[in-house]
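Peer 1: what's the 3D shape of this:
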Amino acid sequence: MKCVLCGGKTVQKQVDYKELEIPFGKFKAEACEKCGESYFDEHTAEEIQQKSKQLGLFGLAKKTTVAEVGNSMAIRIPKDLASFLSLKKGVEVTLTPKSKHGLEIQA
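Peer 2: Next comes the predicted model:
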């Protein structure tokens with residue numbers, strides 16, 4: 001198989017997989033020898049998705065609306081996402097822009 005990203009040759013091997021910086025373990029994949037991109041078959045992808053659901057990580061990405069509160073902008077964080085991030089009312093966080101379209105929240 002050829003890598004979709006760089007055209008390099010892929011080989012079958014066990015690769016480490018993590019989601020949101022949480023390690024899931026090793027899974028069988030086709031991995032590119034040139035760029036390192038990994039491709040999972042349907043069965044393995046389902047196994048990874050089940051593990052994500054078990055750990056409560058599946059579906060954490062949410063859309064929300066920016067609101068205006070006084071002369072500030074406010075972003076509401078859904079409860080399941082706040083729980084994952086261990087955010088509670090009154091906790092101080094640091095917001096750091098990572099790009100024009102990305103924001104990091106550190107508690």
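Peer 1: This protein: strands as residue ranges?
Peer 2: Remark: strands assigned in the chain by DSSP state E are 10-19, 22-32, 38-39, 66-69, 72-75, 94-99, 102-106.
Peer 1: Buried ones in the longest helix seen in the chain, by neighbour count?
Peer 2: Counting residues, the longest helix found in the chain (DSSP state H) is helix 42-54. Neighbour counts over helix 42-54 (16 or more other Cβ atoms under 10 Å) mark 44, 47-48, 51-52 as buried. Quick note: C-beta positions are derived from backbone N, CA and C, even for glycine.
Peer 1: how about CSV for those, with distance to Lys13 added?
Peer 2: Listed next are these as CSV, based on distance: Cβ to Cβ, whole Å:
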residue, distance to Lys13
Thr44, 12
Glu47, 16
Ile48, 16
Lys51, 19
Ser52, 22
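Peer 1: For Arg74, give the beta-bridge partners.
Peer 2: To be clear, residue 74 is Ala; Arg isn't right here. Note on Ala74: beta-bridge partners Ala67, judged by DSSP bridges.
Peer 1: Give me the below-cutoff pLDDT ranges for the chain.
Peer 2: Counting by pLDDT under 70, not a single residue of the chain qualifies.
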